[in-house]
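**Student:** kindly return the folded structure for what I paste below:
(2 chains, ligands or ions: 2)
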There are 2 protein chains.
Amino acid sequence: MPLNKLIQDGDNQDLTNERFKSTFDTDALAAVFHSGEDSLKRIREVRDEITKRGHLFDSLPAAHRTRAEKMEDVSRKLKNLMENVNEFADFTNNLDMLTIIRDVMGVEGFPLALHNLMFVPTIQNQADDEQTEWWLMDAIQGKIIGTYAQTELGHGTNLSAIETTATYDKSTEEFIIHTPTTTATKWWPGGLGTSCTHVILVANLIIDNKNYGLHPFFVPIRDRNSYSQMSGVRVGDIGTKMGVNCVDNGFLAFDNYRIPRRNMLMKHSKVSKEGVYTAPSHPKVGYTTMLYMRSEMIMHQSYYLAMAMVIAIRYSAVRRQGEIKPGTQEVQILDYQTQQYRLFPGLARCFAFVTAANTVRQMTESCIQELSHGKSDVLADLHALSCGLKAVVTHQSSTSIDQARQGCGGHGYSDASYLPTLYTCSVGACTYEGENMVMLLQLSKYLMKAAAKAEEGAVMAPLVAYLASSEPVVIGDKFEKLLSHFEHIARHRVMQAYRQMIEEEKQGIERDYAFANHSVDWTKAARAHTKLFIARGFVKKVQEVSHQEVHAVLTTLAELYLSYELIEMSSDLTANGYLSESQVQEIRHQIYDCMRKIRPNAVSIVDSFDFCDRELRSVLGRRDGHVYENLYKWAQMSPLNRKNLPHVEKYLKPMTSKL
Amino acid sequence: MPLNKLIQDGDNQDLTNERFKSTFDTDALAAVFHSGEDSLKRIREVRDEITKRGHLFDSLPAAHRTRAEKMEDVSRKLKNLMENVNEFADFTNNLDMLTIIRDVMGVEGFPLALHNLMFVPTIQNQADDEQTEWWLMDAIQGKIIGTYAQTELGHGTNLSAIETTATYDKSTEEFIIHTPTTTATKWWPGGLGTSCTHVILVANLIIDNKNYGLHPFFVPIRDRNSYSQMSGVRVGDIGTKMGVNCVDNGFLAFDNYRIPRRNMLMKHSKVSKEGVYTAPSHPKVGYTTMLYMRSEMIMHQSYYLAMAMVIAIRYSAVRRQGEIKPGTQEVQILDYQTQQYRLFPGLARCFAFVTAANTVRQMTESCIQELSHGKSDVLADLHALSCGLKAVVTHQSSTSIDQARQGCGGHGYSDASYLPTLYTCSVGACTYEGENMVMLLQLSKYLMKAAAKAEEGAVMAPLVAYLASSEPVVIGDKFEKLLSHFEHIARHRVMQAYRQMIEEEKQGIERDYAFANHSVDWTKAARAHTKLFIARGFVKKVQEVSHQEVHAVLTTLAELYLSYELIEMSSDLTANGYLSESQVQEIRHQIYDCMRKIRPNAVSIVDSFDFCDRELRSVLGRRDGHVYENLYKWAQMSPLNRKNLPHVEKYLKPMTSKL
Ligand SMILES: Cc1cc2nc3c(=O)[nH]c(=O)nc-3n(C[C@H](O)[C@H](O)[C@H](O)COP(=O)(O)OP(=O)(O)OC[C@H]3O[C@@H](n4cnc5c(N)ncnc54)[C@H](O)[C@@H]3O)c2cc1C
Ligand SMILES: Cc1cc2nc3c(=O)[nH]c(=O)nc-3n(C[C@H](O)[C@H](O)[C@H](O)COP(=O)(O)OP(=O)(O)OC[C@H]3O[C@@H](n4cnc5c(N)ncnc54)[C@H](O)[C@@H]3O)c2cc1C
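**Tutor:** Numbering: from 1, shown residues only, chains lettered A, B, ... in the order given. Ligands and ions are numbered 1, 2, ... in the order given. Prediction:
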């Protein structure tokens, strides 16, 4: 029995040859990637159940459809899913849900994406018991469909400037919801465009002319029977976007629209009949949904990247183009060093990011637990960490996805590869749930405080303790040495940004402005700090793996990851003679050495991501490697291959016609 | 009269305030950007004529249309254009044509894009006089529509493996065109999908079982009256792509399809009735179209980048988000250093790239001239240069465009910004007309030869002479100093890649493999060499500008460009103690200083790109800055705002309905 479990008769011979080279059991690596044997097993069970249900499959590749047709197909699958999911899975279980969404929905989203990810969880976390009783079951069953409406035309990042108001009217015991200006129009919430019957509205709570700040309200916007908008409500779709076009992001405005008092979510803050406001016991309770979302996003992005890697690496084993020595046979493009350099660092990042995602998910879960007991010690640390990870992981994964796409040449540009969709959807995550540059600046502010403590010799949180340590003499193994370089870079960048800022303060510039004047350097420090966290986690993970062959593969991937990221920051290594040029050269050559070692296992590594063809939706990434004949088949479905196209009939024919 | 010529009453006040700050005459900078006062004047004339012709305008933003509808609208404009263009412009004049295409067509392409860019020029360059007589006029008038069909399903980069055959049949004096395998299917040519009546087909010329290599053939594929495909021809559309979806890239296969002998383009090579082959006088004559295309692409990319910069910088002056010091007024996001760092290096690149484009265009024109007189001395140098420029400019411009897009936050992700379209279309250029990595490797091979000469002390071509010079002691001005750093980096990278390779050769590894083993380092060397060329050209250009205020602005932009690109490669600066850490810090701080200087002029600089709103197609980039109300208007046009959407009626309503 070969170690690679995907070999089948009749496959493309180049792919089969690659698979026979595997030095490890693909199932064993798959278990590591998918966070353990149990979850791998569960993923496969769910997938097998989906395989039995043709009504959950795409009826045509989405690329050949208009947006409205795509929405129709995805809603069809969604409805079938809602009706049947209980037969084979538990949709409230995260693993089940993500597996199903990846497989059935794809990455372009669906009208209920925000419903599942934000609307239901917000009810769970912020509605009081009675409200939960009223709303939760209907929401879970899709009898009401909702979204989270926070961003406005004029404000996304700066929440404190949100304009929508909810003014309490004691006389009727109602809130009057109002959109005072054009810029106050809610803009962007997913599902709002056409699908939602309700929203969780984020608005300024106003009682007796006093503004108590932003609070969540449960607001019906469309009639559940007719889908016509409520009177006093203006709602609609905001049009197409770079990606996620199966989500109907929308706009929403109110004209003195009234809702009952008890439609304010009252688990934490309350307003009594008489208009008396009760503040939450802890001001940060609202953070939990955000933390949860960010930790999930990091996981999603890792999976998007992994999908791109499967597609590009399989195709690179199938595609033969050019010769290394003229006159010899055409080589698989995976044999070119430049191609490996395009793909393998991304491959290593998959494991690094999945590991980070798992860690931060666990930390988030325990933090939410603690918060519910009133403890919030780790909240600030975790919040800062999740900002940095969100920014670094979304940026690096989308960059690696586009490199994978470009690495497929012309065919990578075709939607048949699914790589354009993976890119345009994944890069959106650099913007939503906290714009990346803003995220890095938030982490920077945290690092600034940490740096101050380091200078003072105060006690430090574990994640930043390294800022206070002096340059260690590393006598450990290769990993320890490389990690010490990460630490050096992060420490150097953070402390230098801090000291520059302090210098300016001494010259009379206020702290806020001094920070702003060095914000680019701060973001660079924040990135280095985050990469240190990811690198440490990856090494730790590798060291925990006991399966010998899998351990060997992961060791090489981790070495590649560490050396590649270090070389990306290598000016920090040579600066001030920290390392000599030849030491840096050594790290650079380690990249190439690792690539050489990974090359024969590359296809088997991506096979271990264990995605099926239905999930990948890519002609280039097919398990069987039969790329060309299927590109041909895929193309035949293009709507432009129909007869009597208007542009030809009306405009081109009259030009060329001889009559 | 204010120096900025775009100020109008009723504009967004923040934008107007920016414009009043201008330290230079925007018309004067516009003349520099658009290669002189004459061409600026001509561009404006053409634009004014278009403004008079409503039938050349988009009838709805493309984002709200299906692909077939977009094709219809663009073909409508095209037909109107073909009928009326002679009234106001000369379509065979490059400047006129590009101005018109940018304004009327937009960046998503049109069915005749390849017709204009490749089909007509190939007839002009490769058909003999009689053939020109037969075909050229019809082609120019659009009575026949053609494309350039070279790439096949199996081969794009490696042309020598192209499989399509054109076998001469003496008995009938015909060529038999045939597609022997699936992978031999022509794939990708623009316009082939639905629009072309003819193609220039690149196929192996076979006479008496001997293969004479690739030659161009003039091949009818669809009937000009009915548009039905000729018998023996299979042709169609390959489906949607990441971008340029108004181009119908297509596939094409032949089943022993016959064309007359004289349908081979015979200006250079010939086949007589008897089947006697005459080779071209110079083997490289075919290169001219390619050189021309690449030089035009560099220009196009510079303009795409410039458009993105107008959009992002105007929006960044309109958008207010957050406070630098809590409790003070919200600031224009353009005031954030991180935002400037996202945008201004791209702004500087616009000028650097346009300058490079102009230079290479002139070099190409004179090279084509020389070639027509049988001289080909500079061909190899120019070819290598254009490979490097193609790769660096397409990569950096698309990267800067995506940074500009991300810099617009959520609204940058909306198609209303036009930034997604600019990105997805411009990034395609990293792949077509020579995949970028392959381009860098071609330049590398040239640099390898140059390095060998440098080692031998042989005479060097001017563009590579610096490889042989020793580290100069620079006593010149700031620019000379910075340029000497570029030279240092390029020389260091090239010579190090070369020496590594020679080392391996000494150990018995063949040259081709030794090159391949260091190809990543070679591509890095090729990039540095290309950046040196761009940097030198930019500095030279700035020094030629006599207008004082414009000179001052360009000087700052050039300083920013040079210091930013150097910092991107700064590990090469600190390596081996070439510069001290504090010297590098100085260069880094120069970036921030330049950004501060550019800030008050930023809007006026992009105003000087002199694009009108119709060209920009962007709600965020509007001259008047009225962004929010127009986002609202734009959104209303989304087709998802129609009644009775299938996904709602069929699937969502039944879920939520209470009955
Ligand atoms: C696909 C998608 C889906 C979305 N879904 C939802 C949803 O379901 N519900 C919802 O409520 N919202 C949603 N949003 C909105 C999203 O949350 C915001 O767009 C996002 O938070 C960014 O905010 P912004 O658009 O205001 O960006 P801006 O803040 O305007 O960013 C523009 C630029 O300004 C810079 N900037 C802003 N503030 C600062 C600062 N203080 N310091 C330095 N630089 C700064 C940024 O770095 C950026 O370069 C969605 C957005 C997208 C793209
Ligand atoms: C939008 C678009 C429009 C197009 N229009 C036309 C047209 O009108 N007419 C036409 O004939 N063609 C057209 N093409 C095809 C285009 O010219 C090719 O796709 C392009 O030249 C790249 O070739 P490829 O697809 O074979 O890439 P590949 O060569 O398959 O590239 C895949 C990967 O292999 C690597 N690689 C390949 N060879 C080497 C090597 N020797 N050394 C190292 N690495 C290597 C590349 O770097 C890349 O990472 C178009 C393509 C696109 C995307």
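**Student:** ok, the lowest-mean-pLDDT helix or strand in chain A near chain B or not?
**Tutor:** The weakest-scoring helix or strand in chain A, judged by mean pLDDT, DSSP states H and E, is helix A:571-574 (a mean of 90). Yes: counting by Cβ under 8 Å from any Cβ of the partner chain, contacts between helix A:571-574 and chain B involve A:571, A:573-574. Heads up, the C-betas are built off the backbone N, CA and C, glycines and all.
**Student:** please apply the same query to stretch A:425-440.
**Tutor:** Yes: counting by Cβ under 8 Å from any Cβ, chain B has neighbours in stretch A:425-440: A:427-428, A:430-432, A:435-438, A:440.
**Student:** break chain A down into its domains, please.
**Tutor:** Annotated domains of chain A cover A:1-34+A:285-460+A:478-635, A:42-105, A:116-280 [the TED database].
**Student:** those domains: which one's closest to ligand 1?
**Tutor:** Taking Cβ to the nearest ligand atom, domain A:116-280 is the member of those nearest to ligand 1, at 2.3 Å.
**Student:** hang on, the earlier thing: pick out the most distant pair among the residues of stretch A:425-440 next to chain B.
**Tutor:** In terms of Cβ to Cβ, the residues of stretch A:425-440 next to chain B reach their longest pairwise distance at A:428 and A:440, which sit 17.7 Å apart.
**Student:** between those two, who's got more neighbours?
**Tutor:** Neighbours of residue A:428 and residue A:440, each counted by other Cβ atoms under 10 Å in any protein chain shown, are more numerous for residue A:440; the result is 28 against 22.
**Student:** distance-wise, check the more buried one relative to residue B:346.
**Tutor:** Here the criterion is Cβ to Cβ, to the nearest Å. By it, residue A:440 lies 19 Å from residue B:346.
**Student:** now residue A:304
**Tutor:** Plainly put, residue A:304 is 26 Å away from residue B:346 if you go by Cβ to Cβ.
**Student:** doesn't residue A:281 fall inside a strand?
**Tutor:** No: when the secondary structure is assigned by DSSP: H, G, I helix; E, B strand; the rest coil, residue A:281 falls in coil instead of a strand.
**Student:** ok, it - contacts?
**Tutor:** A:268, A:374 (Cβ atoms under 8 Å, 6 or more residues apart in numbering or on different chains).
**Student:** do residue A:587 as well
**Tutor:** Listed by Cβ under 8 Å, 6+ apart, the contact partners of residue A:587 are A:482, A:485, A:563, A:566-567, A:570, A:573.
**Student:** in helices, which of the residues of stretch A:425-440 next to chain B appear?
**Tutor:** Residues of the residues of stretch A:425-440 next to chain B located in helices (DSSP state H): A:427-428, A:436-438, A:440.
**Student:** which one among those residues gets closest to residue A:337?
**Tutor:** Relative to residue A:337, the closest of those is residue A:427; by Cβ to Cβ it sits at 27.2 Å.
**Student:** gap between the closest one and residue B:402?
**Tutor:** With distances defined as Cβ to Cβ, the gap from residue A:427 to residue B:402 amounts to 7 Å.
**Student:** re the thing from before, ok, the ones in helices among the residues of stretch A:425-440 next to chain B vs ligand 2, which is closest?
**Tutor:** Within these, proximity to ligand 2 (Cβ to the nearest ligand atom) peaks at residue A:427, which comes in at 19.0 Å.
**Student:** touching chain B at all, the helix or strand hosting residue A:363?
**Tutor:** Secondary-structure element containing residue A:363, defined by DSSP states H and E: helix A:337-372. Yes: for a cut-off given as Cβ under 8 Å from any Cβ, helix A:337-372 has contacts with chain B, namely A:337-339, A:341-342.
**Student:** and chain A, which of its residues are near ligand 2?
**Tutor:** Counting by Cβ under 6 Å from any ligand atom, the positions of chain A adjacent to ligand 2 are A:319, A:321-322, A:333, A:336, A:338-339, A:407-410, A:413.
**Student:** repeat the analysis, applying 5 Å as the threshold.
**Tutor:** Proximity of chain A to ligand 2 is confined to A:321-322, A:333, A:336, A:407, A:409-410, A:413 under the rule Cβ under 5 Å from any ligand atom.
**Student:** where in the stretch 51-200 of chain A is pLDDT low?
**Tutor:** Flagging of the stretch 51-200 of chain A using pLDDT under 70 yields an empty set of residue ranges.
**Student:** quick one: the strands in it?
**Tutor:** With DSSP state E, counting those that start in this stretch as the definition, the stretch 51-200 of chain A shows strands at residue ranges A:146-149, A:165-169, A:174-178, A:186-187, A:198-207.
**Student:** quick one: the following helix or strand past the last one to strand A:165-169, angle?
**Tutor:** Think strand A:198-207. Tracing the chain C-terminally past strand A:198-207 and defining elements by DSSP H and E, one meets strand A:210-220 next. Relative orientation of strand A:210-220 versus strand A:165-169 (axes from the mean of the first three to the mean of the last three Cα atoms, to 10 degrees): 100 degrees.
**Student:** which residues of chain A score low on pLDDT?
**Tutor:** Residues of chain A that meet the criterion pLDDT under 70 lie in A:285-286, A:472-473, A:659.
**Student:** which helix or which strand is home to residue A:445?
**Tutor:** Secondary-structure assignment from DSSP H and E places residue A:445 in helix A:436-456.
**Student:** would you map the helices across the stretch 451-600 of chain A?
**Tutor:** Taking DSSP state H, counting those that start in this stretch to define them, one finds helices in the stretch 451-600 of chain A at A:478-506, A:511-517, A:519-544, A:548-568, A:571-574, A:581-598.
**Student:** can I get stretch A:3-12 as PDB, trimmed to CA atoms?
**Tutor:** Provided in PDB are the C-alpha atoms of stretch A:3-12 (Å, rounded to 0.1, in the frame of the first residue of the first chain):
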ATOM      1  CA  LEU A   3       1.900   6.000   1.600                       C
ATOM      2  CA  ASN A   4      -0.100   8.500  -0.400                       C
ATOM      3  CA  LYS A   5      -3.700   7.400  -0.200                       C
ATOM      4  CA  LEU A   6      -5.000   9.300  -3.200                       C
ATOM      5  CA  ILE A   7      -3.400   7.200  -6.000                       C
ATOM      6  CA  GLN A   8      -6.000   5.800  -8.500                       C
ATOM      7  CA  ASP A   9      -5.800   4.000 -11.800                       C
ATOM      8  CA  GLY A  10      -6.100   6.200 -14.900                       C
ATOM      9  CA  ASP A  11      -4.800   9.400 -13.200                       C
ATOM     10  CA  ASN A  12      -2.400  11.700 -15.000                       C
END
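**Student:** neighbouring contacts of that stretch?
**Tutor:** The contact list for stretch A:3-12 (Cβ under 8 Å, 6+ apart) reads A:16, A:19-20, A:22-27, A:318, A:549, A:603-604, A:607, A:623-627.
**Student:** what's the closest non-adjacent residue to the residue of the stretch 501-650 of chain A at minimum distance from ligand 2?
**Tutor:** Nearest to ligand 2 in the stretch 501-650 of chain A, going by Cβ to the nearest ligand atom, is residue A:620, at a distance of 10.5 Å. If you skip the residues right next to it in sequence, residue A:620 has residue A:315 as its closest partner in space, 4.1 Å away by Cβ to Cβ, 6 or more residues apart in numbering or on different chains.
**Student:** again, but for residue A:493
**Tutor:** Using Cβ to Cβ, 6+ apart and skipping residues adjacent in sequence, the residue nearest residue A:493 is residue A:525, 3.8 Å away.
**Student:** repeat for residue A:638
**Tutor:** With Cβ to Cβ, 6+ apart as the measure, residue B:239 is the residue that lies nearest to residue A:638, at 4.0 Å, once sequence neighbours are left out.
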